[in-house]
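> what follows is a protein structure lacking sequence information:
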């Protein structure tokens, strides 16, 4: 089987890094098209030997990209097209159908109750999404919570398949030596109790709650924020105003799989933490929290469907926290007082193994291809320059 993955961009983000991890485990010949932003994940895919084509899309209404995408799909003679993220789903489904490909799968990575990928869920956004969704074979939800949201939006239940995000458990397995090396490299005091947060530094992630909570905790508590984004300067200012700037470390974007970039990778950074906190009020899955559980960390969260969709015993190290800085400060203090836990991956981490996710996705692929007309003989992707 040959498949083409179409994604809006390939900067460092959860959906983008999930795609790279997925392609490392899928037993399928895959190419990737990114509509815009061929960032760090594009470079990583290239290092993995995956062909990446950048279409240079200028904006949401750059319709000139559509005929180019149709030509690429026709030239590639793909059995299946798999789209990721809103813009790529709309354009990719249209292009696939115009190119004659009937097996079209779309993954919905980040549908919340009030927003999708940072955009408000207006009637126009919903109408365009539903119109293009009808052109596909199946829509994949990354959690049962997202599946329910899709149903409420109007996507027919028989067209929805749940395929959870996956993690490479071995990569996040705790290593004491890696922890020591990373903490030394970051300049963390030996006695520091490190609270970690991972994700895009954007308003919806509410990392300011953790900064303000730090100001309510003893001076041996530190905050390690992993990620980049538009709110970084505001978070730095908040830390300065709260008097904790010297105890807040910003690492910038870190890949979850190695791509040759300098600095510690994400598994090394989770190893350096003592607790993981996610105050985001609206998540579609909560991948970073699951990765933290794989590293054996206690987890505090406001919203995490990946945990909430499991029986409570499966994520015994996780606890939901409602409220703001004071609530998080109390919860952090309670975890600290309880003492260290064994740094072993629990049941939840194993439930979301990438091998389980890829096996489930292959079932979706098989059903989509079986339900479509047979494809012509494969040829290599041509007609555009790789990124």
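That came through fine. Treat the numbers as computed from the prediction; the structure is a model and nothing was measured.

> can we go C-alpha only for contacts and neighbour counts from here?
OK.

> from the chain's centre, how far out is stretch 48-59? Work that out for me.
Relative to the chain's own centre, stretch 48-59 is displaced by 19 Å; criterion: Cα atoms, centre = their mean, to the nearest Å.

> should've said stretch 62-70
Relative to the mean C-alpha coordinate of its chain, stretch 62-70 is positioned 26 Å out (Cα atoms, centre = their mean).

> can you list the low-confidence ranges for the stretch 201-350 of the chain?
Low-confidence regions of the stretch 201-350 of the chain, defined by pLDDT under 70, span residues 254-264.

> all strands of it, in order?
Assigned strands in the stretch 201-350 of the chain, in chain order: 221-226, 248-250, 275-278, 299-301, 318-320 (criterion: DSSP state E, counting those that start in this stretch).

> just name the most buried of these.
Neighbour counts (mean count of other Cα atoms under 10 Å) averaged over each of the strands of the stretch 201-350 of the chain peak at strand 275-278, with a mean of 26.

> partner strands of that strand, with direction?
Counting by DSSP bridges, the strands paired with strand 275-278 are strand 193-198 (parallel), strand 299-301 (parallel).

> follow-up on the earlier one: quick one: which of the strands of the stretch 201-350 of the chain is nearest residue 268?
strand 221-226 (11.3 Å; Cα to Cα).

> what sits against residue 253?
With contacts defined as Cα atoms under 8 Å, 6 or more residues apart in numbering, residue 253 is in contact with 12, 226, 227, 228.

> wait, I meant residue 14
Residues in contact with residue 14, defined by Cα under 8 Å, 6+ apart, are residue 287.

> which one is residue 159 nearest to, not counting chain neighbours?
Excluding the flanking residues, the one nearest residue 159 by Cα to Cα, 6 or more residues apart in numbering is residue 138, at 4.9 Å.

> what about that neighbour, how many neighbours?
Counted by other Cα atoms under 10 Å, the residues lying close to residue 138 total 24.

> against residue 358, how distant is it?
Summarising the geometry, the distance separating residue 138 from residue 358, computed by Cα to Cα, to the nearest Å, is 16 Å.

> scan this structure for its longest helix.
Across the chain, the helix with the greatest residue count (assigned by DSSP state H) is helix 354-370.

> which one of the strands paired with strand 275-278 lies nearest to residue 175?
strand 193-198 (16.2 Å).

> domain parsing of the protein, as residue ranges.
Here the domain assignment for the chain is 2-166+353-370, 169-351, based on automatic domain parsing.

> now do the end-to-end distance for the first one.
Length of domain 2-166+353-370, first residue to last, Cα to Cα: 14 Å.

> so for that domain, mean pLDDT?
Over the span of domain 2-166+353-370, the pLDDT mean works out to 91.

> for it, the distance to its chain's centre please.
Relative to the mean C-alpha coordinate of its chain, domain 2-166+353-370 is positioned 13 Å out (Cα atoms, centre = their mean).

> any idea how far residue 193 is from residue 334?
Following Cα to Cα, the distance that separates residue 334 from residue 193 is 13 Å.

> in PyMOL, select just the buried ones from the contacts of residue 253.
To isolate in PyMOL the members of the contacts of residue 253 that are buried, counting by 16 or more other Cα atoms under 10 Å, one can use:
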select buried, resi 12+226+227+228
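
> could you dump the contacts of residue 253 to JSON lines with distance to residue 2?
Shown next, in JSON lines, are these (distance: Cα to Cα, whole Å):
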{"residue": "12", "distance to residue 2": "25"}
{"residue": "226", "distance to residue 2": "35"}
{"residue": "227", "distance to residue 2": "33"}
{"residue": "228", "distance to residue 2": "34"}
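
> report the two of the contacts of residue 253 separated the most.
Put simply, by Cα to Cα the two of these set farthest apart are 12 and 226, 11.4 Å from each other.

> on that earlier part again, between residue 334 and residue 193, point out the one with more neighbours.
Neighbour count, other Cα under 10 Å: between residue 334 and residue 193, residue 193 has more, with 20 against 11.

> tell me who's in contact with the residue nearest to the more buried one when sequence neighbours are not counted.
Sequence neighbours aside, residue 221 is the residue nearest to residue 193 in space, at 4.8 Å (criterion: Cα to Cα, 6+ apart). The contact partners of residue 221, taken as Cα under 8 Å, 6+ apart, are 192, 193, 194, 195, 214, 247.

> how about the last one, nearest residue that isn't a chain neighbour?
If I follow you right, that is residue 247. Take residue 247 and drop its neighbours on the chain: the residue closest to it by Cα to Cα, 6+ apart is residue 222, 5.0 Å away.

> give me the beta-bridge partners of that neighbour?
On DSSP bridges, the residues paired with residue 222 through beta bridges are residue 194.

> check the one 4 residues further on too.
For residue 226, the residues forming beta bridges with it (DSSP bridges) are residue 198.

> and it, what does it touch?
The contact partners of residue 226, by Cα under 8 Å, 6+ apart, come to 196, 197, 198, 199, 250, 251, 252, 253, 254.

> likewise for residue 231?
Contacts for residue 231 (Cα under 8 Å, 6+ apart) come out as 201, 202, 203.

> same check, this time on residue 107
Taking Cα under 8 Å, 6+ apart as the contact definition, residue 107 lies against 82, 83, 84, 85, 139, 140, 141, 142.

> could you redo the last one with a cut-off of 7 Å?
Applying Cα atoms under 7 Å, 6 or more residues apart in numbering, we find residue 107 in contact with 83, 84, 139, 140, 141.

> over to residue 356?
Applying Cα under 7 Å, 6+ apart to residue 356 gives no contacts.

> one more: residue 95?
Going by Cα under 7 Å, 6+ apart, residue 95 touches 66, 69, 70.

> tabulate the residues you listed (a markdown table), appending neighbour count.
Formatted as a markdown table, the entries for the contacts of residue 95 read as follows, by neighbours: other Cα atoms under 10 Å:
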| residue | neighbour count |
| --- | --- |
| 66 | 18 |
| 69 | 24 |
| 70 | 20 |
